[in-house]
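Enquirer: Show me how the following folds:
(one chain, ligands or ions: 1)
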Amino acid sequence: MPGSKEDCEDWGQAAQSYDAEYRSMVGEAFENEIRTWLARQVMDADKVLELGCGTGIFSAMIAERVKHLTATDSSPEMLEQATQRLGGYPNAEIRKEDAYHTSFADGSFSAVLTVNLLHHVDAPGTILQECRRVLTPGGKLVVIECAGHGTSLWSWIKTGLGYLRRWGRVSENHHHLSSDDLTTLVTDAGLAVQETKLLGQHRPRMGFICLRAMNAA
Ligand SMILES: C[S@@+](CC[C@H](N)C(=O)[O-])C[C@H]1O[C@@H](n2cnc3c(N)ncnc32)[C@H](O)[C@@H]1O
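Expert: Here you go, the predicted structure:
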């Protein structure tokens, strides 16, 4: 169910250990590669919304490059971590929002970012339609998603064990999207895909799909 209480509780439990788990999965060199790609997608004048910001790792990568940043998530515990991380940026605002139905007016942002949100939700297409609604005409959507490619069997087992340890079950809402899946979802939401890039495809662990699309409407 969209943004359900159970989902929030799950993510709330993950908030304290999220950064350490992310770092062990991604590593510094790969994180720098992602940061470089992401930084190229935004401009000084951009008013950016991140949906599902978690602890704010990706919002922090762009906060000082943009005019204004609104980092949002449905989990209060994740937002506590994001508030600590983004506290030093006067242009950053942290808010609780459900990515399916945000409180923002149409055309409020010149850029919307989602990172590793879409493969965790039941209806990614609905969230992408919400992204389009809050984008200005000509605004850009930036999506980064874990990819199945380049992932060793051992890495999958470790990820599954991590879920079991944390939540007592393997995640039900965890369907990795391929680059083609993502392109179709974004196109179906009425956005024009401009770039897709696979980062880290030769790593022994998970790579990332990076996509930029424009609200051509
Ligand atoms: C895998 S984490 C990704 C966090 C962050 N984007 C990152 O990559 O480090 C997924 C995040 O999406 C949030 N989330 C899940 N469903 C959501 C919804 N319906 N609305 C807003 N946030 C949601 C969770 O609370 C969690 O923080």
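Enquirer: Spit out the contact partners of whichever residue of the chain sits closest to the ligand.
Expert: Going by Cβ to the nearest ligand atom, the ligand is nearest to residue 54 of the chain, at 2.5 Å. For the C-beta atoms, the positions are set from N, CA and C on the backbone; glycine is no exception. Shown in contact with residue 54 (Cβ atoms under 8 Å, 6 or more residues apart in numbering): 11, 15, 18, 73, 75, 78, 81, 82, 115, 116.
Enquirer: which ones among those are found in strands?
Expert: Cross-referencing the contacts of residue 54 against strands under DSSP state E gives 73, 115.
Enquirer: Inside helices: which ones of the contacts of residue 54?
Expert: The helices, defined by DSSP state H, take in 11, 15, 18, 78, 81, 82 from these.
Enquirer: Of all pairs in those residues, which one is the farthest apart?
Expert: The largest separation in the ones in helices among the contacts of residue 54, counting by Cβ to Cβ, is between 11 and 82 at 11.8 Å.
Enquirer: hmm, back to that, what's the pLDDT at the residue of the chain closest to the ligand?
Expert: pLDDT recorded at residue 54 is 97.
Enquirer: Surely it is within a strand?
Expert: No - using DSSP: H, G, I helix; E, B strand; the rest coil, the assignment for residue 54 is coil, not a strand.
Enquirer: so where's this protein uncertain?
Expert: For the chain, applying pLDDT under 70 flags the ranges 1-9, 148-156, 158-160, 162-175, 204-205.
Enquirer: Contact residues of it facing the ligand?
Expert: Within reach of the ligand by Cβ under 6 Å from any ligand atom, the chain has these residues: 2-3, 7, 11, 22, 51-54, 57-58, 73-75, 78, 98-100, 115-117, 120-121.
Enquirer: Quick one, which of those are buried?
Expert: The neighbour-count test (16 or more other Cβ atoms under 10 Å) marks 3, 7, 11, 51-54, 57-58, 73-75, 78, 98-100, 115-117, 120-121 as buried among those.
Enquirer: Cool, thanks, signing off.
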